[in-house]
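>>> need the 3D shape of this:
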Amino acid sequence: MTYQLTEREQRLLQDAQQYGSEHFLPHAATWDREGIFPTETFLQAGRDGYLGLNTAREFGGRGLSFLETALIYQGLARSSFPFVLAMECHNNMTYEMSVFKSSAAVRGMLAQMISGEKILGFGFTEPQAGSDPSAMTSYAKKVPGGYLVNGCKTWVTNGSQASLFDVTVKLEEPEAREMITLLIDIPSEGLRITHDMKTMGGNVLSKATIVLTDCFVPEDRVVSTHGYRDALWSVLLARIFTPAMAIGLCEEALEQTAAYLARRSQFGQPLLKQRPLQWKLVELQTKVAAGRHLVYHTAACMDSGRNPDQEAAMSKLYCGDLAMEVTTACCQLFGAEGYRTGNVLERLMREAKMISVIDGTSEIQKLILGNMLERAYLPDKRYQLSKKMEESL
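All right, here's what the predicted structure looks like:
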């Protein structure tokens, strides 16, 4: 399947790139260096239609397709990947609340979420439960009028700025299999926000830890009664959109590097005229073009109504590793200048490292894809035997 973007799709991509260049790029280095989350910029993005991208219009969103949404993230991420990641996580949660069987009270707040007035924090990971959600121990016990929640969530995206937490916990006890997702107000009695993780890059994005001790959540704040299934579906959304942002980051790194090599001369000519440097850029451009088409294909599969589990895992794996490869190579092409604190490639390379870790590490994507291979080529023998018996009857 090949893709020729329509005029509308091309315009969405170009407008997003221009918007990020005007509103995010001038401040991106400062946000990163000082760990600032620009709340006013987030609000402005909401006013300008960059929140609630694929949430239906009836809830105040734009009702865009998955491909159109991916294109916007690709364009925006060229200016500040971590800030756009904060937007994407918020947007995914608003979309989910609009399509899950969320309560009327939860849906009634969607307009404020889409405007940016209420920022959502995503609470799924726990200190002992990351890639293995079954190890989760936080739980909600049903009580008259609602639930009492106990436990700890870490790496909570937007945790320090959120006015609402979207939290998935086990139901009734830590050993339970059933899960529920609740929307918790900030502040709430029994909810404590502790330290914000500081990381090597992307510190515009807060990554807080929250502790819940008999925190009461009203019954009308249920986001999903199928918490585990729907949380995994939200991870699928992230594996469609995060690779799109990775492609935007790669494009920015390549453009910055080509421009630098064109203006810097050594041995009497621009560095860009040196064949080995040209060839390296060409190799990287080719890989980014391949990643771009994989991203578009995955989003288009989602738009067609097919669950693109395999494509999303491949896209996340390929684009996550590619972002690190591209930014590392481009940093090298800058020479010592690329290693300087404050250089754009130094920042992009630190941000790129996030991509192969968040939303399931590259190793987890390989595990997912490996399991798919096993199911395809090593079918369960008991199933084969029962099938033969069935056919013989």
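
>>> quick one: contacts for residue 328?
Applying CB atoms under 8 Å, 6 or more residues apart in numbering, we find residue 328 in contact with 349, 352. C-beta: built from backbone N, CA, C; applies to glycine.

>>> I'd like the distance between it and residue 316.
Applying CB to CB, to the nearest Å, the value for residue 328 to residue 316 is 19 Å.

>>> run a quick neighbour tally on residue 174.
For residue 174, the count of nearby residues is 13 (other CB atoms under 10 Å).

>>> so what's it closest to, chain neighbours aside?
Residue nearest to residue 174 in three dimensions, not counting chain neighbours: residue 137, with 4.1 Å by CB to CB, 6 or more residues apart in numbering.

>>> what mean pLDDT does stretch 121-135 have?
When pLDDT is averaged over stretch 121-135, the result is 86.

>>> which parts of that stretch are buried?
Residues of stretch 121-135 classed as buried by neighbour count (16 or more other CB atoms under 10 Å): 121, 122, 123, 124, 125, 126, 129, 130, 133.

>>> tell me what residue 196 is bridged to.
residue 208 (DSSP bridges).

>>> hang on, it packs against residue 160?
Yes: using CB atoms under 8 Å, residue 196 is in contact with residue 160, at 4.9 Å.

>>> common neighbours of the two, please.
206, 208.

>>> which residues in the stretch 251-393 of the chain form helices?
275-303, 309-333, 344-355, 362-377, 381-392 (DSSP state H, counting those that start in this stretch).

>>> show me what the first one is packed against.
Where contact means 3 or more CB pairs under 8 Å, 6 or more residues apart in numbering; DSSP states H and E, helix 275-303 is packed against helix 66-76, helix 227-263, helix 309-333.

>>> picking that back up, which one of the buried residues of stretch 121-135 sits closest to residue 292?
Taking CB to CB as the measure, residue 292 lies nearest residue 122 of the buried residues of stretch 121-135, at 26.6 Å.

>>> chain center to the helix or strand that closest one falls within, what's the gap?
Assigned by DSSP states H and E, residue 122 belongs to strand 120-123. Using CA atoms, centre = their mean, to the nearest Å, the mean C-alpha position of strand 120-123 is found 12 Å from that of the whole chain.

>>> per-domain residue ranges of the chain.
7-115, 120-225, 229-377 (automatic domain parsing).

>>> the closest residue to residue 343 other than its chain neighbours - how many residues pack around it?
Leaving aside its sequence neighbours, residue 343 sits nearest to residue 337 (CB to CB, 6+ apart; 6.0 Å). Using other CB under 10 Å, residue 337 has 13 other residues around it.

>>> hang on, residue 337 packs against residue 344?
No: applying CB under 8 Å as the test, residue 337 and residue 344 come out as separate, 10.2 Å apart.

>>> can you pull out the low-pLDDT segments for the chain?
Within the chain, the set of residues satisfying pLDDT under 70 comprises 1-3, 380-393.

>>> which secondary structure element is home to the residue nearest to residue 174?
Using DSSP H and E, residue 137 sits within no helix or strand.

>>> which ones are touching it?
Residues near residue 137 by CB under 8 Å, 6+ apart: 126, 128, 129, 151, 170, 174.

>>> wait, what's in contact with the first one?
What that stands for is residue 126. Residue 126 sits next to 135, 136, 137, 138, 151, 152, 153, 154 when contact means CB under 8 Å, 6+ apart.

>>> among these, who's most crowded?
residue 153 (26 neighbours).

>>> show me what it is bridged to.
Applying DSSP bridges to residue 153 yields these beta-bridge partners: residue 210.

>>> now swap in residue 270 and tell me
Applying DSSP bridges to residue 270 gives these bridge partners: residue 265.

>>> doesn't residue 263 make contact with it?
Yes: with contact defined as CB under 8 Å, residue 270 reaches residue 263; the gap is 7.1 Å.
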